[in-house]
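Asks: Okay, structure incoming, though there's no sequence with it:
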DNA sequence: GCTGGAAGGACCC
DNA sequence: CGCCAGGGTCCTTCCAAC
């Protein structure tokens, strides 16, 4: 490699890759990002995963090309109408702008890893990640300095940081700690909405007015009480709606808080240069699509909204526009009505080294069916639709579903139906099998009390 | 034209 | 040596039956 003089892309292909791992994240300031990219590239370049990923990126680029053709064919008249659509869309979004609510988004810092450090303080001084060789769910801040991060497979983490300690996740323990945080959240908002084990949205408007204190003061109290209760740190975002609060909670992570003043000027300034990727709901693909049209920030979204209108669905337009204006929900959503289930589906799936033996696979479906059935039994629910999920050895995903005439939950029925659907796919080489039940209803059981229905948090 | 099921995807933690 | 999760939600598109 040294002697020749190939184009720069050929000699440093890792510079071009920009995977999910390499974007900014707290704790990554002093890293050699180039080195990290290179190690990740070297570790994955020959894998099926990487091939699939490249293929997806290519397809998205082709999609961009098609959309650009479509855009080129838009007449002036049509474009005028898109501008009008945008004006309407902005007007109706502005009607949903509420500045008088106080939302706090609480985000536990490196939650799983911090819980492990709490239980074993020796982990505090070493690079450590919770997860397995297959996948990391959280890395502590020391490990992050090496480029180790969540959603990265452990073996890559090990290459970035050979001393990395991998700790097996203990979800029961995280759930316990999560419950402790919830006790704190309830003080400030009995109806708080939880977003997983490690984060929550609190509408603190009422608490603020009753106690005559500011959102920032409340955030201080929350952080102090969470620390007292759990011995863990968290970060808070204080803003006038849920989305802004969430973005703010990331600003001064870890163990910090950020307050966004509830006035239009401050919000506009905040949002102007905000990368679209920061909008919760905009992931890698949408980012790539938007970037393809030269749209990188929320400010760009507003400026080029007519292009978005011409090229994406109305729903996408209104979502992007609303978010980019710094507008989002400022009130709690309605809770599921009594008797209504809070969950829509229940599933279990497992990854394994690729297999094609039909009997082995059928046996695995059987055991999945039992697992799933047990999970359903513990919530006294049954379901109408069975969906089998297959991931082929090349990472292609297939789902096959069947809706029945009457709901089931027993392992034999689930197994029978799932097996039948799986058989139709043979021959296949699979790396993952999963079963999901949806169309759920509580089991009308004579003696059993219907537990686990309604009420999400 | 609407509705409901099936399949595929994007996204979140 | 090879190793890239598992639990969800929601949206879009297609197609068939009303």
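Replies: The structure has been received and is ready for your questions. All values derive from a computational prediction rather than experimental measurement.

Asks: Please make it C-alpha for all contacts and neighbour counts, starting now.
Replies: Will do.

Asks: Specify the residue ranges that define each domain of chain A.
Replies: According to the domain assignment given by automatic domain parsing, chain A is divided into the following structural domains: A:1-44+A:127-162, A:47-99+A:263-333, A:103-109+A:172-262, A:345-442.

Asks: Which stretch among those is buried most, on average?
Replies: With neighbours defined by mean count of other Cα atoms under 10 Å, none of the domains of chain A is more surrounded on average than domain A:103-109+A:172-262, at a mean of 20.

Asks: next one: it to chain centre, how far?
Replies: Domain A:103-109+A:172-262 has its C-alpha centroid displaced from the chain centroid by 19 Å (Cα atoms, centre = their mean, to the nearest Å).

Asks: Check the separation of the first and last residues in that domain.
Replies: End-to-end span of domain A:103-109+A:172-262 (Cα to Cα, to the nearest Å): 11 Å.

Asks: Same question for stretch A:195-204.
Replies: Chord length of stretch A:195-204, first to last residue, is 17 Å (Cα to Cα).

Asks: what comes into contact with it?
Replies: Stretch A:195-204 is contacted by residues A:101-108, A:111, A:174-175, A:178, A:185, A:188-189, A:191-194, A:215, A:218, A:242, A:331-332 when judged by Cα atoms under 8 Å, 6 or more residues apart in numbering.

Asks: Is that stretch positioned near DNA strand C?
Replies: No: counting by Cα under 7 Å from any atom of the strand, DNA strand C is not contacted by stretch A:195-204; separation bottoms out at 7.7 Å.

Asks: in the stretch 351-457 of chain A, which spans are strands?
Replies: Assigned by DSSP state E, counting those that start in this stretch, the strands in the stretch 351-457 of chain A fall at A:381-392, A:397-408, A:430-442.

Asks: Then the stretch 1-150 of chain A?
Replies: A:103-108, A:128-131, A:136-139.

Asks: Stretch A:390-398 near DNA strand C anywhere?
Replies: No: Stretch A:390-398 lies out of reach of DNA strand C by Cα under 7 Å from any atom of the strand, never closer than 8.1 Å.

Asks: Which strands or helices does the longest helix anywhere in chain A pack on?
Replies: Secondary structure of chain A read by DSSP state H shows that its longest helix is helix A:48-72. Other elements packing on helix A:48-72 under the criterion 3 or more Cα pairs under 8 Å, 6 or more residues apart in numbering; DSSP states H and E are helix A:284-292, helix A:305-311.

Asks: give me that answer again for 7 Å
Replies: helix A:305-311 (3 or more Cα pairs under 7 Å, 6 or more residues apart in numbering; DSSP states H and E).

Asks: distance between the helix it packs on and the chain's centre?
Replies: Between the mean C-alpha location of helix A:305-311 and the chain-wide mean there is a distance of 26 Å, by Cα atoms, centre = their mean.

Asks: For that helix, the averaged confidence score.
Replies: Along helix A:305-311, the predicted confidence averages to a pLDDT of 96.

Asks: Which residues does that helix contact?
Replies: Where contact means Cα atoms under 7 Å, 6 or more residues apart in numbering, the residues beyond helix A:305-311 that reach it are A:67, A:71, A:82, A:83, A:86, A:317.

Asks: Closest one of those to DNA strand C?
Replies: When these are compared for distance to DNA strand C (Cα to the nearest atom of the strand), residue A:317 wins out at 9.0 Å.

Asks: who's in contact with that closest one?
Replies: Residue A:317 sits next to A:308, A:309 when contact means Cα under 7 Å, 6+ apart.

Asks: Which of the helices or strands spans it?
Replies: Secondary-structure assignment from DSSP states H and E places residue A:317 in helix A:314-324.

Asks: close to DNA strand C, is that helix?
Replies: Yes: judged by Cα under 7 Å from any atom of the strand, helix A:314-324 comes into contact with DNA strand C at A:314, A:315, A:316.

Asks: Stretch A:301-311 now?
Replies: No: looking at stretch A:301-311 against DNA strand C by Cα under 7 Å from any atom of the strand, there are no contacts, and the closest approach is 10.1 Å.

Asks: on that earlier part again, what would the strands of the stretch 351-457 of chain A look like in CSV with mean pLDDT and distance to residue A:344?
Replies: Supplementary listing: these in CSV, determined by pLDDT from 0 to 100; distance: least, Cα to Cα, whole Å:
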stretch, mean pLDDT, distance to residue A:344
strand A:381-392, 97, 10
strand A:397-408, 96, 14
strand A:430-442, 97, 6
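
Asks: Any idea which of the ones you listed gets closest to residue A:76?
Replies: With Cα to Cα as the criterion, residue A:76 lies closest to strand A:397-408 of those, at 41.4 Å.

Asks: in its sheet, what does that closest one sit against?
Replies: Sheet partners assigned to strand A:397-408 using DSSP bridges are listed as strand A:381-392 (antiparallel).

Asks: what's in contact with the strand it pairs with?
Replies: Residues from elsewhere that reach strand A:381-392, judged by Cα under 7 Å, 6+ apart: A:376, A:397-404, A:406-409, A:418, A:429-443.

Asks: same question, stretch A:254-268
Replies: Residues external to stretch A:254-268 that are found in contact with it (Cα under 7 Å, 6+ apart): A:99, A:109, A:216, A:233-240, A:248-249, A:251-252, A:325-326.

Asks: List, out of those residues, those positioned next to DNA strand C.
Replies: Of the residues in the contacts of stretch A:254-268, proximity to DNA strand C by Cα under 7 Å from any atom of the strand holds for none.
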